[in-house]
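# Quick one, structure for this:
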Amino acid sequence: MSPQSDPSVPSEIPTPAPSLTEVESHGVDRIPDAERSASPLDLFRLAFGGANTFSTCVLGAFPILFGLSFWQGLAATLLGVVAGALILCPMAVFGPVNGTNNAVSSSAHLGVHGRVVGSFLSLLTAVAFFSISVWSSGDALVGGAHRLFGLTRGNLSYVVAYALFAGLVLAVCVYGFRFMLFVNKIAVPSASVLFLIGVIAFAGDFDPSYAGVFTDSADAATRSLFWPSFIGAALIVLSNPVSFGAFLGDWSRYIPAPTPRRKVIGAAFLSQIATLLPFVFGLATASIIATKVPEYVDPAAPDFVGGLLAISPGWYFLPVCLLALIGGMATGTTALYGTGLDFSSVFPRLSRVQATLLVGALSIGFIFVGRFALDLVQSISTFATMIITCTTPWMVVMMLGYWTRRGWYDPDALQVFNRRQRGGRYWFAHGWNWRGMTAWWVSALIGVLFTNIPGQFVGPLGDLADGVDISLPLSLIVAGALYLTLLRVFPEPRAVYGPQGARLARTVEVPVPPITGPGAAGDGEPLSDPSTTLRA
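Sure, this is the predicted structure:
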């Protein structure tokens with residue numbers, strides 16, 4: 001039984017929820033039971049709201065940019081969304097169990113110091129998706145203003161639009177979870193309505209028979225690129241749900257611990273299935289763009305936002321601008337909030353607000369470099385690839401670790417790194433659990449080596465499967481098999497498994513190192529008593 005669920009501990013009296021304009025004080029410390037007032041529906045709102053956006057439409061256009069037909073693109077989109085949702089949804093359980101974010105929870109499987117891997121992954125994801133939201137929303141706002149008011153579409157206009165939009169997102173993130181939840185309660189229904197209005201706007205131009213480039217009349221060299229393009233498009237789509245893996249705990253930690261796990265997992269799964277709305281909207285409109293104004297999907301210089309504005313009826317310009325503003329706020333806040341939250345623990349001199357502002361500033365710098373100095377589409381593709389290849393094996397280690405531990409954790413020992421202490425159940429070897437770390441980096445490296453996205457990124461071994469990208473299934477299999485093997489061959493301490501013992505893993509009887517350092521009980525005495533080590 002976990003410490004937070006001990007019936008002998010008196011339940012805390014619920015406290016009133018803070019106001020929207022009160023800056024959140026919690027970092028990655030455990031959320032007290034009395035302050036956990038969120039529900040699985042709130043988790044659905046945040047996860048769906050973060051993806052029910054204009055930037056997801058941009059990702060939805062990639063199958064067309066890769067040359068697929070509408071139906072081929074739809075198949076790739078369905079594959080990416082469903083597979084991604086299945087991989088993602090178990091990551092929602094760590095928040096209610098431990099009351100903290102997923103990077104901190106990973107201390108149990110990667111070690112007290114190894115948890116920084118999760119912080120790195122959240123930074124990578126935040127930069128990528130915050131950038132996508134600012135790019136796409138800023139371009140839509142400038143393009144809409146150009147069509148409506150004649151605003152010049154020069155670099156200065158884009159710089160101002162990006163800066164203003166990024167500033168709005170930062171402001172919401174600074175206020176914290178409650179304000180972000182309020183924004184998403186508005187954004188989810190509003191963006192959904194605007195997408196449905198878009199169905200009316202483009203219904204007359206949409207033709208599902210759009211054939212793409214892989215037709216019977218295509219030459220052999222072109223046809224040989226079909227499967228690499230199909231898998232590459234599916235991976236771009238899959239990167240969207242996988243990107244939430246490091247963030248789900250940021251929101252689910254406010255859900256009470258007794259909440260049934262199936263409801264939490266179900267909310268996370270359905271939130272990604274619901275993103276088929278913006279994905280299919282982007283896919284369908286991209287096929288219209290490819291038919292009516294094909295210059296906007298030229299592989300040398302694709303411009304989905306410009307193409308969308310070019311095919312939009314005049315009355316839909318304002319809804320496009322609203323969709324860009326509302327949806328971009330949702331994506332940007334969900335991406336940036338968690339990373340600022342986590343880096344405030346990695347760098348203890350920084351408060352949550354300061355860490356959020358720092359990560360936001362770094363992301364804004366990347367936005368300007370990617371927009372004005374690099375290839376935008378290639379930047380997005382490369383980042384999405386890195387997110388999948390690095391984050392998915394980490395998620396596998398987390399989920400298998402949860403399963404072998406039977407969902408048991410010591411929340412106090414998880415906070416050792418954040419308190420700048422040493423020792424505890426998850427200290428392992430000087431703060432590193434090399435079993436989980438090895439399974440992660442080996443499988444992530446293999447994923448990078450076998451990645452093959454035609455024209456975007458090809459790893460050194462990416463052509464071994466006739467140009468088909470097999471990086472994801474390979475890294476998944478390697479991560480799972482290697483981690484379970486290491487747990488059997490090199491057993492972990494019995495104390496990390498709790499009263500019910502291990503599942504499908506061996507254990508060894510060793511004492512729990514005392515927790516020492518700032519705030520430790522008894523001036524260096526252990527917070528987790530070694531005498532509690534259980535017998536195998």
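
# Which strand or helix spans P228?
Taking DSSP states H and E as the definition, P228 sits inside helix 226-242.

# now the helix ranked longest in the chain against helix 226-242, angle please.
Longest among the helix segments of the chain by residue count, using DSSP state H, is helix 116-149. Relative orientation of helix 116-149 versus helix 226-242 (axes from the mean of the first three to the mean of the last three CA atoms, to 10 degrees): 100 degrees.

# List the buried residues in the helix or strand following helix 116-149.
Per DSSP H and E, the first helix or strand lying C-terminal to helix 116-149 is helix 155-175. Buried residues in helix 155-175, counted by 16 or more other CB atoms under 10 Å: 157-159, 161-162, 165-166, 168-170, 172-175. Where C-beta positions appear, they are placed from N, C-alpha and C, glycine not excepted.

# Same check on stretch 393-405?
Within stretch 393-405, the residues scored as buried using 16+ other CB under 10 Å are P393, W394, M395, V396, V397, M398, M399, L400, G401, Y402, T404, R405.

# These: which two are farthest apart?
Spatial extent of the buried residues of stretch 393-405 (CB to CB) is set by the pair P393 and R405 at 18.3 Å.

# quick one on the thing from earlier: quick one: average pLDDT of the longest helix of the chain?
What helix 116-149 shows for mean pLDDT is 81.

# In terms of secondary structure, what does that helix contact?
When contacts are defined as 3 or more CB pairs under 8 Å, 6 or more residues apart in numbering; DSSP states H and E, helix 116-149 sits against helix 54-60, helix 102-105, helix 155-175, helix 304-311, helix 317-346, helix 352-372, helix 376-404.

# For L414, which of these is the nearest?
Within those, the stretch nearest L414 is helix 102-105; the backing value is 5.4 Å (CB to CB).

# Dump the closest one to CSV, restricted to CA.
Taking Å, rounded to 0.1, in the frame of the first residue of the first chain, the C-alpha atoms of helix 102-105 are listed here in CSV:
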residue,chain,number,x,y,z
ASN,A,102,6.1,12.0,-14.9
ALA,A,103,9.7,13.1,-14.9
VAL,A,104,9.8,12.9,-11.1
SER,A,105,7.9,9.6,-11.1
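
# Quick check: next helix or strand after it?
That would be, after helix 102-105 and using DSSP H and E, helix 107-110.

# Please list the outside residues in contact with that next one.
Applying CB atoms under 8 Å, 6 or more residues apart in numbering, the external contacts of helix 107-110 come out as 114-115, 117-118, 397-398, 401, 405, 409-410, 413-414, 416-417, 425-426, 432-433, 436-437, 440, 496.

# What remains of those if I keep only buried residues?
114-115, 117-118, 397-398, 401, 405, 409-410, 413-414, 416-417, 425-426, 433, 436-437, 440, 496.

# does L79 really touch A233, like I thought?
No: applying CB atoms under 8 Å, one finds L79 not in contact with A233, separated by 9.1 Å.

# Between these two, which is the more surrounded one?
Taking other CB atoms under 10 Å, L79 and A233 do not tie; A233 has more neighbours (29 against 17).

# Could you tell me which residues make contact with that one?
Per CB under 8 Å, 6+ apart, neighbours of A233: F62, P63, F66, L68, G73, A76, T77, G80.
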